[in-house]
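Undergrad: Below is the structure, and that's it, no one-letter string:
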């Protein structure tokens, strides 16, 4: 079987699995789980085969015309380079882990068949984005992911939080997709094609007439899809969906799509120094702001959500300094430990067995009750904090090294100012990341909340996946010296300067956080538990996902005096906990004006347009009444009126004739 055929089957198999799952979900429930896992697993195996055959060497490029358009053609095209081959393997592995994990996590959920089918469709759409060699076909996968996220985030549609979160995710990402679509059309107009090879060829030959405009329009879509400032606000709220969905969105689909798209078309963005500077500033604000927000959250999943935003900022920062190898390397590394973090958090939620499942201030005694989650989550948090030799250290260092080279003028793809911006923000974020990672670990596994009774043994489908993902979280970074051929040939190894600075700042952030936590715990040995309400215990056989849905409607827990985040942030804690009030800004700047405009339109429609319509109807009705009154049924009256009318017309005719004759 040719490599092209294998590559076509990679996105096709999950799509067929999704269709079959939707058709057979109710009539043959016994097939639901095999149809959820096996097609995605087979697609992963084929993606591995494609990656082995591609080998980081010559790009696989094949195409057939989809339809004649009369202008710019649209092709069914494959474009598989080293980036695409590795990212496809990543998507397949994470999606398979999520599907296997979900068989245990949502084992009693009545909507599991549709959930599993949507996860497969989500996976298929992302694989289409990864392998597509035509921008219009890529856009199809891009938009399918948007609608899948809408349904999956809103899986628990009984709760108003889930409904609002799904709608917010859809609308915010669509806000970026509108200029993104315009940018694609403008790019095709300049390049004369939607084919990625043709676009890159046009860039190399200087064929783009409006590079800055095109790059900025495309960046709007990237900011929405990959949750970059200022369109990142949808991602923390998307935690209303099931935890495995969060793992899929944060690790392998949706948010990864924007970074991957930018990496694939980086020469287009590099044509504009202004666009690269905008991308660098956007990445810097995203990194630092999200890290501060993560340090103030009490919900474990919201901490991880803001963490994802910050790590995406690192990837965007690498792209802003012109190093797509570092960006995709961190994308791959981040996918492993972030999927592990969310799935481990789901295991913690399952073990807690309370309605206040995701609040760290209500957790206690979990290290002994969920040892699998404890050890694997520890590995993932060390990777997140970029502690050597865990995977996050090597990939984050690749980003910092790229920024350093640009700042010092060793690379001229982007302005030196962009390099300094990314470097300083990246180092500051390294300090904050270690702080909130340790805070999460301490409050989750060493917390003083009101402990709930054990919720039963965790299913093997859940715990086994954690250990599978722990392997790349620990060891993927060690492959850095073997990946140069897959990443444009650029070296990704750390340098002494950035390694010492980055690791030193991370160690300092962790040390300060631990010292503050110990001090607060010593001062209030019993207050932390006393201030936290006793949890409501779920039934031992209750489904974790259904119990998690109940948690969405509960009020926020009481203030925890042993929270080091509050002490570290000081007056910034309140704004950071609320995401620096960006949602309030959007409500004031956009939502209220739109609602006011809608009210004005409704008033004009009711009081002006309807008045004219009602007046026209009343006039016709009045005229009809007059005509009806004239119809007496008396023939003599009709003849008299006819004679009188004839006389009047005759007199008028004679008068007109005399007037004409006199003139």
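TA: Okay, I see it. All values reported here derive from a predicted model rather than from experimental measurement. Numbers count the residues shown, from 1 in each chain.

Undergrad: wait, what's in contact with the residue most central in space within the chain?
TA: The centre of the chain sits closest to residue 255, judged by Cα atoms, centre = their mean, with a distance of 4.1 Å. By Cβ atoms under 8 Å, 6 or more residues apart in numbering, the contact list for residue 255 reads 225-227, 235, 249, 308, 312. Where you see a C-beta, it was placed from the backbone N, CA and C, and this is true even at glycine.

Undergrad: Output the below-cut-off pLDDT ranges for the stretch 101-250 of the chain.
TA: Applying pLDDT under 70 to the stretch 101-250 of the chain flags no residue at all.

Undergrad: thinking again about what came up before, so the residue nearest to the centre of the chain versus residue 162, what's the distance?
TA: Distance, residue 255 to residue 162, using Cβ to Cβ, to the nearest Å: 19 Å.

Undergrad: ditto for residue 417
TA: Counting by Cβ to Cβ, the gap from residue 417 to residue 162 is 42 Å.

Undergrad: the more surrounded of these two?
TA: More crowded of residue 417 and residue 162, by other Cβ atoms under 10 Å: residue 162, with 23 against 15.

Undergrad: Might one say that that one is in contact with residue 242?
TA: No: contact criterion Cβ atoms under 8 Å: residue 162 and residue 242 do not qualify, at 9.7 Å.

Undergrad: Please enumerate the shared neighbours of the two.
TA: In contact with both residue 162 and residue 242: 155-156, using Cβ under 8 Å, 6+ apart.

Undergrad: I'd like the average pLDDT over stretch 441-460.
TA: Throughout stretch 441-460, pLDDT has a mean value of 71.

Undergrad: State the distance spanning the first to the last residue of that stretch.
TA: 23 Å (Cα to Cα, to the nearest Å).

Undergrad: for stretch 150-159, same thing?
TA: End-to-end distance (Cα to Cα), stretch 150-159: 14 Å.

Undergrad: which residues touch it?
TA: 111, 114-115, 118-119, 122, 162-163, 165-167, 169-170, 238, 240-242, 245, 248-249, 545, 548-549, 552-553.

Undergrad: again, but for stretch 488-504
TA: 82, 323-326, 329, 386-388, 393-398, 400-401, 404, 426-427, 430, 480-481, 483-484.

Undergrad: what does stretch 414-428 give?
TA: In contact with stretch 414-428 (Cβ under 8 Å, 6+ apart) are residues 270, 273, 276-277, 279-281, 283-285, 287-288, 291, 313-314, 317-318, 320-322, 396, 399-400, 403-409, 411, 501-502, 505.

Undergrad: Of those, just the buried ones, PyMOL syntax please.
TA: To isolate the buried ones among those in PyMOL, judged by 16 or more other Cβ atoms under 10 Å, type:
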select buried, resi 270+276+277+279+280+281+283+284+285+287+288+291+313+314+317+318+320+321+322+396+399+400+403+404+405+406+407+411+501+502+505
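
Undergrad: In helices, which of the contacts of stretch 414-428 appear?
TA: Taking DSSP state H as the definition of helices, these contribute 270, 273, 276-277, 279-281, 283-285, 287-288, 291, 313-314, 317-318, 320, 396, 399-400, 403-407, 501-502, 505.

Undergrad: Going along the chain, name the helices of the stretch 251-400 of the chain.
TA: Remark: helices assigned in the stretch 251-400 of the chain by DSSP state H, counting those that start in this stretch are 255-264, 266-270, 273-294, 300-320, 324-352, 366-369, 371-384, 391-407.

Undergrad: got the angle between the fourth one and helix 273-294?
TA: In other words, helix 300-320. 160 degrees (axes from the mean of the first three to the mean of the last three Cα atoms, to 10 degrees).

Undergrad: what angle separates helix 300-320 from helix 391-407?
TA: If you take the same axes, to 10 degrees, helix 300-320 sits at 40 degrees to helix 391-407.

Undergrad: heads up, I number from 32, so please use that
TA: Renumbered: residue one is now 32, and that last one reads helix 331-351.

Undergrad: quick one: low-confidence parts of the stretch 532-681 of the chain?
TA: In the stretch 532-681 of the chain, residues with pLDDT under 70: 556-591.
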